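Chemist: next come a sequence and a model predicted from it.
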Amino acid sequence: MLFRPLIAILFLASLAGCGFQPLYGRQTQNAEVQQKLAATYIAPISGRTGQMVRNELLDLMTPKGVPARSIYRLSVELKEESQSLAIDPDNTTNRKNLTLKGTFALLASDGKTIIYQSSAQSTSSFNLVTSDFANLSAEKNARTRSALVLAEKIHRQISVYLAR
């Protein structure tokens with residue numbers, strides 16, 4: 001029984017010695033990442049889905065509001081694709097994938113110098129039934145889920161880049 005706590009203590013001690021630091025820690029050097037993220041202006045993204053992605057990015061990156069002086073400018077472009085997955089014998093689709101792809105660029109505050117650029121994507125599935133209202137609602141829900149996950153992926157990639 002004494003063996004398990006000893007293993008746990010040794011494991012935690014080895015983590016402390018390896019230089020591990022949480023990405024979002026306030027007492028670590030990576031608190032710098034939060035400050036850099038908070039100094040990022042997030043440009044408007046077109047469309048309703050773009051609004052959802054931007055709002056989530058604002059919550060994740062600049063929770064205290066739009067920065068008075070921005071160091072960076074984030075530009076995001078979205079592309080949405082829908083793909084039929086399950087097709088019944090009568091050629092009707094009963095399941096779809098909605099894929100949201102975002103290409104983004106972290107620019108210097110001048111808006112011209114690209115510091116980091118990449119892409120991310122999120123896919124959500126939904127069922128199709130005989131009710132048009134239910135189908136619209138399911139598709140809207142899938143779009144919302146994809147937008148939130150995409151924003152988290154963009155935030156994570158930028159955070160990792162800024163932590164270097």
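Modeler: Sure, I can see it.

Chemist: which residues touch stretch 57-74?
Modeler: Outside stretch 57-74, the residues that touch it by C-beta atoms under 8 Å, 6 or more residues apart in numbering are 36-43, 76, 104-109, 111, 115, 151-152, 154-155, 158. Using the backbone N, CA and C atoms, a C-beta is placed for each residue, glycine as well.

Chemist: just the buried ones out of the residues you listed, please.
Modeler: 36-42, 76, 104-107, 151, 154-155, 158 (16 or more other C-beta atoms under 10 Å).

Chemist: now, the residues you listed that are in helices?
Modeler: 36-38, 151, 154-155, 158 (DSSP state H).

Chemist: okay, now the unreliable bits of the chain?
Modeler: Counting by pLDDT under 70, the chain contains low-confidence ranges at 1-2, 10, 12-30.

Chemist: now do the helices in it.
Modeler: 3-17, 31-38, 47-61, 132-162.

Chemist: would you turn those helices into JSON lines with distance to residue 87?
Modeler: Listed next are the helices of the chain as JSON lines, based on distance: least, C-beta to C-beta, whole Å:
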{"stretch": "helix 3-17", "distance to residue 87": "50"}
{"stretch": "helix 31-38", "distance to residue 87": "44"}
{"stretch": "helix 47-61", "distance to residue 87": "26"}
{"stretch": "helix 132-162", "distance to residue 87": "15"}
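
Chemist: fine, thanks again, bye for now.
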